[in-house]
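>>> how would this look folded up:
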Amino acid sequence: QVQLVESGGGVVQPGGSLRLSCVVSGFTLNFYTIGWFRQAPGKEREGVSCISIGDGRTYYADSVKGRFTISRDAAKNTLYLQMNSLKSEDTAVYYCATAYNWYANNWWSPPLYDYWGQGTQVTVAS
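Predicted coordinates for the structure are as follows:
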């Protein structure tokens, strides 16, 4: 049984920072991709960032490039998302997810992922 548990969400002012964490437990040896998604009210879930576990390459949505940084501590089975210069449009529930395959051209597509966490709320408001 694979479990993903996110934490670190909260309320922050525009321009502020948050760091999200996702602890992965269970049978994780065959995962190829791990990433972050988000879903704002009334909108579809969208890919934010991911790591290709095989080569460590990172990928970002255009909307967060230069502001968000994804990282992974393999020894702790933990994924992080450092979010800086937060904007009101970053408000959403953030989810981490893993996939048994690597999808270079469409890593941002939620249906390709196999396991999901329960999400953590991030609210950016003054």
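>>> Can you check the pLDDT for the residue nearest to the spatial centre of the chain?
By Cα atoms, centre = their mean, the chain has its centre lying nearest to residue 36, at 1.6 Å. For residue 36, the pLDDT comes out at 98.
>>> and if you look at residue 11?
pLDDT recorded at residue 11 is 98.
>>> so the residue lying closest to it once chain neighbours are set aside is in which element?
The shortest distance from residue 11 to any non-neighbouring residue, by Cβ to Cβ, 6 or more residues apart in numbering, is to residue 123 (4.6 Å). Just so you know, the C-beta spots here come from the backbone N, C-alpha and C atoms, and that holds for glycine as well. In this assignment (DSSP states H and E), residue 123 forms part of strand 120-124.
>>> List the strands paired with that strand, with their directions.
Paired strands of strand 120-124, with direction, are strand 10-12 (parallel), strand 92-99 (antiparallel) (DSSP bridges).
>>> Got the confidence number for residue 29?
pLDDT at residue 29 comes out at 69.
>>> scratch that, residue 126 is what I was asking about
93.
>>> quick one, what contacts the residue nearest to residue 11?
Residue 123 makes contact with 10-12, 91, according to Cβ atoms under 8 Å, 6 or more residues apart in numbering.
>>> That one and residue 57: what is the separation?
Distance, residue 123 to residue 57, using Cβ to Cβ, to the nearest Å: 30 Å.
>>> Repeat that for residue 14.
Distance from residue 14 to residue 57, by Cβ to Cβ: 30 Å.
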